[in-house]
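> turn this into a structure:
(chains A and B)
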Amino acid sequence: MELVRSHILVCAGTGCSASNSEAIIAEFEKSLAQAGMQKEVRVIKTGCFGLCALGPVVVVYPEGAFYSRVKPEDAQEIVSEHIVKGRIVTRLLYQETVAEAGISSLSETPFYKKQLRIALRNCGIINPENIDEYIAFDGYSALARALTEQTPEEIVDIITKSGLRGRGGAGFPTGKKWQYTAQEKSDIKYVACNADEGDPGAFMDRSVLEGDPHSLIEAMTIAGYAVGAGQGYIYVRAEYPIAVKRLDIAIGQAREYGFLGENIFGTGFSFDITVRLGAGAFVCGEETALLTSVEGNRGEPRPRPPFPAIKGLFGKPTLLNNVETYANVPWILQNGWEALAAIGTEKSKGTKVFALGGKITNTGLVEVPMGTTLREVVEEIGGGCPNGKKFKAAQTGGPSGGCIPAEHLDLPIEYETLKSIGSMMGSGGLIVMDEDNCMVDIARFFLDFTVDESCGKCTPCRVGTKRMFQILTKITEGNGTMEDLDTLEDLGNHIINNSLCGLGQSAPNPVLSTLKYFRDEYIAHVRDKKCPAGVCKNLLSYRITDACRGCTLCAKVCPTGAISGKVKELHVIDQDKCIKCGACMEKCKFGAIVKE
Amino acid sequence: MPNKRTFVPFKGTAEQEQTLNEVITAHKGKPGANMPVLQKAQEIYGYLPEEVLVKIADGLDVSLSELYGVISFYTQFTVNPKGEHQVSVCMGTACYVKGAADILAEAEKKLGIKAGSITKDGRFSIDATRCIGACGLAPVMTVDEDVYGRLTPGEVAGILEKYL
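Coordinates of the predicted model:
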């Protein structure tokens, strides 16, 4: 193997790829070739570093210089200054790492300090398209040991003792699932992976698929051995083209190395994996709907029991876990169940990955020990709301979860605590909202989503969500009544109690939790016909204040001619003509137009 | 999304048909073949016209209604062709709270069509899509393979101009 003196790691996750990291890689290679250094410096395409807000991200080792918001034209400078002359390009450094004497360690920055990376351990470190790099980081050693030294029962036992719980939503104990599937007597069994990350705002599974696909393949093969299955299916969203591509590459490499296929490690155990693409149906993230979809049908859920462990894919016992859950498995087998059980709280062990999004400074992926408080995640790691805005709510669990107000920010992150305050862990989307977001509008947004995604099998969900959506629309348009609020609660509870699958059972959560914590906002819409956050167009009015200089610009941009006034005199808006487009306010140079 | 029968006449080529036949042969008799074959067919033709569905139904020995049931269930399948340039505005939560609705409205205004439809000349189609996972860049719009992030409504018209 050739020795190289420096590595340039370029993030090629979806976020950074969207900001043209491919072009950055090409520029680095070009600049290195010009400097004649292509042999001593290697450019590596990695998975997500997590700090997506600062993408595209480039890290140069051995110094560990973390460059953010890099543009293709910056590559030349990094090569000529940093690589050739050894002078770090301070201008491009992530500000938190700039220290008096050069650079400080990335792991000391507020964003990374409180993180603990287990599921994401290799993301942003290895090249996901090169199996050798995964092996160099102990990859496939857990599989080798499992197949040659451990019995299936021992493995199930290790997973059970580790306390690992499903990372996809409800938090069912993973070891139990493995045990139930293992004890079923059947000639054919399946191991399936839920990579249908449909929860809007969640992208942790995608990052594992893109950044460390081999950890999933290794875990599924171990699971196949533990439960006695010979075939695996990964059901992945078609909306993740980069993930699908890297998964295909990884499976091909694993087959080539003999880690997948017939007679793995010469032990007589055979296992293979097929990738199946979803086609854009949120309900397919529900386990029975997912299996129905893999079978080639409309992805409608089935009643449970029988659970998939008894009667799953094609009627056979099936073990189904999500990506993040599997990503923990090789780590647990390498480090022992005690290592995972030592992290977290009494009932929730290990770590959880969150996708921070919305009104937060450091959007990106973070992995924290269970029991970390929401405040630590939002304020310390996430850096709080940008532009000095006031935090209003954190939304976890996507369309199935709820909005958590500031008063609950000090609660520890655990399956049970999140449930007790009307939200849920979900897959790990964490969207932050500030004072400019209207909670009624957000509830309506989620209901719009569930109305669209309800598969239609159960009437309470199919019709009920539609009725809730209509009532919320009525309220945001200023036509709501106080009785509507009670109806929403009754209807919501009815849907929860009478739906077959997780989608219906959780769809009303965004409405119920906002009604509970932000009832004032609902009442303002209904009684005062006002939207305190200034979002709901029908409840807004624009007004020109005395700061108006009479420049006539607003009157010119108004598409409906609603603004009148003479040059250098105060202008007025005709409220009957105004369509509340906000064009005048955007154009006013004096800040004289206010939205109320 | 309006999933009505298309007004665009079917213009399949012999090559496309041959590729389709190969896909059907490769999956025939395998469990769960419907979705992969429909996905490949949509890749070949860009959409799923009735003529193609009849061939798949015959080839896989399933009923046309079963296929239609699958197609109408999943948002990714379409029986209408897409525009030469496909504009998608992400309506995931992270984008929504950062004003994606205004981005979509701006794109609709510029092209004179609503989300889920195609311009008369077939040049553009707009879709409001589910989360594409580029939440760090919110709000996000894509035109074909190009991704535009951290958008403001004012930038939308200029971006679309490039494709006119």
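
> who does the helix or strand A:Glu262 falls within pair up with?
Assigned by DSSP states H and E, A:Glu262 belongs to strand A:261-264. Paired neighbours of strand A:261-264 in the sheet (DSSP bridges): strand A:269-277 (antiparallel).

> beyond the partner strand, next helix or strand please.
Taking DSSP H and E as the definition, the helix or strand right after strand A:269-277 is helix A:287-294.

> quickly list the domain ranges of chain A.
A:6-107, A:131-340, A:351-434, A:439-526, A:541-595 (automatic domain parsing).

> next, format those as TSV and append distance to B:Glu84, mean neighbour count and mean pLDDT.
Just so you know, the C-beta spots here come from the backbone N, C-alpha and C atoms, and that holds for glycine as well. Listed next are those as TSV, based on distance: least, C-beta to C-beta, whole Å; neighbours: other C-beta atoms under 10 Å in any protein chain shown; pLDDT from 0 to 100:
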stretch	distance to B:Glu84	mean neighbour count	mean pLDDT
domain A:6-107	22	19	91
domain A:131-340	20	22	95
domain A:351-434	32	22	93
domain A:439-526	27	20	95
domain A:541-595	29	15	90
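
> closest one to B:Tyr96 among these?
Nearest to B:Tyr96, of all the domains of chain A, is domain A:439-526, at 5.6 Å by C-beta to C-beta.

> centre of the chain to the closest one, how far?
24 Å (C-alpha atoms, centre = their mean, to the nearest Å).

> is the residue of chain B found nearest chain A in a helix, a strand, or coil?
Residue nearest to chain A within chain B: B:Gly136 (2.6 Å; C-beta to the nearest C-beta). Following DSSP: H, G, I helix; E, B strand; the rest coil, the label given to B:Gly136 is helix.

> now for A:Tyr257: which residues touch it?
A:Tyr257 is in contact with A:Ile131, A:Tyr140, counting by C-beta atoms under 8 Å, 6 or more residues apart in numbering or on different chains.

> roughly how far apart are it and A:Ile131?
From A:Tyr257 over to A:Ile131 the distance is 6 Å, taken as C-beta to C-beta, to the nearest Å.

> now A:Val208
In terms of C-beta to C-beta, A:Val208 sits 16 Å off from A:Ile131.

> same deal with A:Gly428?
Where A:Ile131 is concerned, A:Gly428 sits at a distance of 27 Å (C-beta to C-beta).

> with A:Asn509 instead?
Counting by C-beta to C-beta, the separation of A:Asn509 from A:Ile131 is 41 Å.

> circling back to that earlier point, pretty sure the residue of chain B closest to chain A contacts A:Thr361?
No. Here B:Gly136 does not reach A:Thr361: they are 11.3 Å apart, not a contact under C-beta atoms under 8 Å.

> for these two, list the residues in contact with both.
Residues touching both B:Gly136 and A:Thr361 (C-beta under 8 Å, 6+ apart): A:Ala53.

> and the most far-flung residue of chain B relative to its centre, its phi and psi?
If you look at how far each residue of chain B sits from its centre, by C-alpha atoms, centre = their mean, the farthest one is B:Gly29, at 27.8 Å. Backbone torsions of B:Gly29, given as degrees, to the nearest 10, read phi 80, psi -10.

> contacting residues for it?
By C-beta under 8 Å, 6+ apart, no residues touch B:Gly29.

> next one: A:Val10
A:Cys16, A:Ser21, A:Ile24, A:Ile25, A:Phe28, A:Val43, A:Ile44, A:Lys45, A:Thr46, A:Pro56, A:Val57, A:Val58.

> is it in a helix, a strand, or coil?
strand.

> and the gap between the spatially most central residue of chain A and chain B?
Residue closest to the mean C-alpha point of chain A, counted by C-alpha atoms, centre = their mean, is A:Ala202 at 2.0 Å. Distance of A:Ala202 to chain B, computed by C-beta to the nearest C-beta, to the nearest Å: 8 Å.

> can you redo the domains of chain A as a markdown table with distance to B:Val87?
Converted to a markdown table, these look like this (distance: least, C-beta to C-beta, whole Å):
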| stretch | distance to B:Val87 |
| --- | --- |
| domain A:6-107 | 15 |
| domain A:131-340 | 16 |
| domain A:351-434 | 22 |
| domain A:439-526 | 19 |
| domain A:541-595 | 21 |
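
> between those, which one is closest to B:Tyr74.
Closest to B:Tyr74 of those is domain A:131-340 (C-beta to C-beta; 3.5 Å).

> how far does the closest one stretch from start to finish?
Domain A:131-340 has an end-to-end distance of 25 Å (C-alpha to C-alpha, to the nearest Å).

> how much space separates the residue nearest to A:Ile78 when sequence neighbours are not counted from chain B?
Spatial nearest neighbour of A:Ile78, chain neighbours left out: A:Val89 (5.6 Å); criterion: C-beta to C-beta, 6 or more residues apart in numbering or on different chains. As judged by C-beta to the nearest C-beta, A:Val89 and chain B stand 22 Å apart.

> swap in A:Val57?
On the measure of C-beta to the nearest C-beta, A:Val57 and chain B end up 10 Å apart.
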